[in-house]
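Participant: Provided below for reference: sequence and predicted model.
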Amino acid sequence: MGSPSIALPTVIVLASGRGERFIASGGATHKLKAMFAGKPLLQHTLDAVKASGLPWHLEEAGHPGMGDSIAAAVRATSGAAGWLILPGDLPLIQPRTLHELATALPDRDVLAPVYRGRRGHPVRFAARFGPALMALTGDRGAAEVARAAGIAELVVTDAGCVTDIDTVQDLQRAAATL
């Protein structure tokens, strides 16, 4: 007799942003389409998500703000056992980190990775937060929902959870770490 299976959260990959800071820093294209180690930046994030074995959803429809993107993605995956909300601009995130966040501390409603004292992404939300996440609008993400619930932290060894790409310089620094 095997151990009971737990329902795994769905990874929501947010790819709806306008990427204005990247363009303003000298980028010639949207940051998620910028080439990074031979393929578009977003593809690295998606490859890690696919390799994690977790269910996932890509939210790339144009939305006015991050809150709207999260709300749309949670509505699209409303039957999920919970969500890992992952910005699409984390090309160095490791599949094992996603899996650790999905399975660690199952009694905690909100869980965030911490790398060398810095809180990163994705942030895991239990299914009971569906209504609050679906109510998000505008540029504010899910931080207020997470703070109100109390955020548990999981120390990880993955710098990729804190290596987001907002500027051309961020992309160059990330490339140097590969």
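Facilitator: Ah, there it is. Numbers count the residues shown, from 1 in each chain.
Participant: buried stuff in stretch 68-86?
Facilitator: Under the neighbour-count criterion of 16 or more other CB atoms under 10 Å, stretch 68-86 has 68-74, 77, 80, 82-86 buried. Where you see a C-beta, it was placed from the backbone N, CA and C, and this is true even at glycine.
Participant: show me which pair in those is furthest apart.
Facilitator: 68 and 82 (20.3 Å; CB to CB).
Participant: circling back to that earlier point, adding pLDDT, distance to residue 36 and secondary structure, write the buried residues of stretch 68-86 out as CSV.
Facilitator: Output for these, formatted as CSV (pLDDT from 0 to 100; distance: CB to CB, whole Å; DSSP: H, G, I helix; E, B strand; the rest coil):
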residue, pLDDT, distance to residue 36, secondary structure
68, 94, 26, helix
69, 95, 22, helix
70, 96, 24, helix
71, 96, 28, helix
72, 96, 26, helix
73, 97, 23, helix
74, 97, 28, helix
77, 97, 27, coil
80, 96, 29, coil
82, 97, 29, strand
83, 98, 25, strand
84, 98, 22, strand
85, 97, 22, strand
86, 97, 16, strand
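Participant: quick one: which of those is nearest residue 12?
Facilitator: Nearest to residue 12 among the buried residues of stretch 68-86, counting by CB to CB, is residue 73 at 4.3 Å.
Participant: can you give me the neighbour number for residue 58?
Facilitator: Using other CB atoms under 10 Å, residue 58 has 18 other residues around it.
Participant: which of the three states applies to residue 113?
Facilitator: strand (DSSP: H, G, I helix; E, B strand; the rest coil).
Participant: tell me the spacing between it and residue 137.
Facilitator: To residue 137, residue 113 is 26 Å away according to CB to CB, to the nearest Å.
Participant: and for residue 158?
Facilitator: Relative to residue 137, and taking CB to CB, residue 158 is found at 31 Å.
Participant: which one's more surrounded, these two?
Facilitator: More neighbours surround residue 158 than the other of residue 158 and residue 137, with 21 against 13 (other CB under 10 Å).
Participant: list phi and psi for that one.
Facilitator: Main-chain torsions, residue 158, degrees, to the nearest 10: phi -110, psi 100.
Participant: one more: residue 56?
Facilitator: The phi/psi pair for residue 56 (degrees, to the nearest 10) is phi -150, psi 160.
Participant: burial check on it, number of neighbours?
Facilitator: Applying other CB under 10 Å, we find 18 residues neighbouring residue 56.
Participant: per-residue confidence for it?
Facilitator: Looking at residue 56, its pLDDT stands at 98.
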